[in-house]
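Enquirer: Need coordinates for the below:
(one chain, ligands or ions: 1)
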Amino acid sequence: MKSRSMKQEKTPSGTWVNNPASYAGYSSCADDDCFNDIHDTDQEIISGLSDAVYNMLEGIGENPDREGLVKTPERVARSLRFLTKGYRQDPEEMLKKAVFSESYDEMVLVKDIELFSMCEHHMLPFFGKAHVAYIPDGKIVGISKLARVVEVYARRLQVQERLTQQIRDVIQSVLSPRGVGVVIEAKHMCMVMRGVEKQNSTTTTSAMSGEFLSSQSTRSEFLRLINR
Ligand SMILES: [Zn+2]
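Expert: Next comes the predicted model:
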């Protein structure tokens, strides 16, 4: 993850911000377009969600009608729809469209795929990296589609274990390769924000099939490649 300058500066409104380089930056998170999914046109769902967020604001003891929060319910509604748009996408269909016949039969590995998801227990983010590998058996898939598959499943409410398996299973089912290996390393905000001792913990999950399970040397090669 790229680190931004952490030098702080006070804005005219008195808020401390981490990114003095962009002065508009202090309000950039209030940019109404930042989470807008142009394909998401269901106004009824957005307004239902907005009402729920309005109630949440009251529930935490806020005044949802004060100036700074007036547009927050709709912003949160739109951001939630954006962050869960994977429910409205079909990873299997997406992969099928990018399958080619090819005799290449060595391991294909895409590592360090950036991943942002939300845990289904707290609806808080977890994020990290996915490494996805397979050994073709006559069929390969466009490399970028492997990253897209990760994204589609990640943009749903998840547990990291299931996310890892879903990625393996869809690749196994569409390509019928000799094996699939998936490893995800992620930090969960529901643990990090709880504080102290859990702040730096990373959770690693793996899901494998075929030769990644049956062949010690295949599995070792995969793990060696992702760890360097
Ligand atoms: Zn959680």
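Enquirer: This structure: helices as residue ranges?
Expert: Applying DSSP state H to the chain gives helices spanning 25-28, 43-59, 72-83, 91-96, 143-154, 160-175, 189-192, 211-214, 216-226.
Enquirer: Next, format these as JSON lines and append distance to the ion.
Expert: Every C-beta, even on glycine, is put in place using the N, C-alpha and C of the backbone. JSON lines is the format used below for those (distance: least, CB to the ion, whole Å):
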{"stretch": "helix 25-28", "distance to the ion": "27"}
{"stretch": "helix 43-59", "distance to the ion": "17"}
{"stretch": "helix 72-83", "distance to the ion": "14"}
{"stretch": "helix 91-96", "distance to the ion": "23"}
{"stretch": "helix 143-154", "distance to the ion": "14"}
{"stretch": "helix 160-175", "distance to the ion": "10"}
{"stretch": "helix 189-192", "distance to the ion": "3"}
{"stretch": "helix 211-214", "distance to the ion": "28"}
{"stretch": "helix 216-226", "distance to the ion": "25"}
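Enquirer: I'd like these as CSV, with mean neighbour count and mean pLDDT appended.
Expert: Formatted as CSV, the helices of the chain follow (neighbours: other CB atoms under 10 Å; pLDDT from 0 to 100):
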stretch, mean neighbour count, mean pLDDT
helix 25-28, 15, 51
helix 43-59, 14, 96
helix 72-83, 18, 95
helix 91-96, 16, 96
helix 143-154, 20, 97
helix 160-175, 20, 98
helix 189-192, 16, 90
helix 211-214, 18, 98
helix 216-226, 15, 96
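Enquirer: With distance to Gly128 as added columns, please give the ones you listed in JSON lines.
Expert: Putting the helices of the chain into JSON lines (distance: least, CB to CB, whole Å) gives the following:
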{"stretch": "helix 25-28", "distance to Gly128": "24"}
{"stretch": "helix 43-59", "distance to Gly128": "27"}
{"stretch": "helix 72-83", "distance to Gly128": "16"}
{"stretch": "helix 91-96", "distance to Gly128": "19"}
{"stretch": "helix 143-154", "distance to Gly128": "10"}
{"stretch": "helix 160-175", "distance to Gly128": "9"}
{"stretch": "helix 189-192", "distance to Gly128": "11"}
{"stretch": "helix 211-214", "distance to Gly128": "20"}
{"stretch": "helix 216-226", "distance to Gly128": "13"}
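Enquirer: Quick check: which of the ones you listed is nearest to Ser201?
Expert: Smallest distance to Ser201 across these (CB to CB): 6.2 Å, for helix 189-192.
Enquirer: Output the contacting helices and strands for the closest one.
Expert: strand 125-135 (3 or more CB pairs under 8 Å, 6 or more residues apart in numbering; DSSP states H and E).
Enquirer: List the strands paired with the strand it packs on, with their directions.
Expert: strand 108-119 (antiparallel), strand 179-188 (antiparallel) (DSSP bridges).
Enquirer: and the residue nearest the centre of the chain, how far is that from the ion?
Expert: The residue lying closest to the centre of the chain (CA atoms, centre = their mean) is Phe116, at 2.3 Å. Distance, Phe116 to the ion, by CB to the ion, to the nearest Å: 14 Å.
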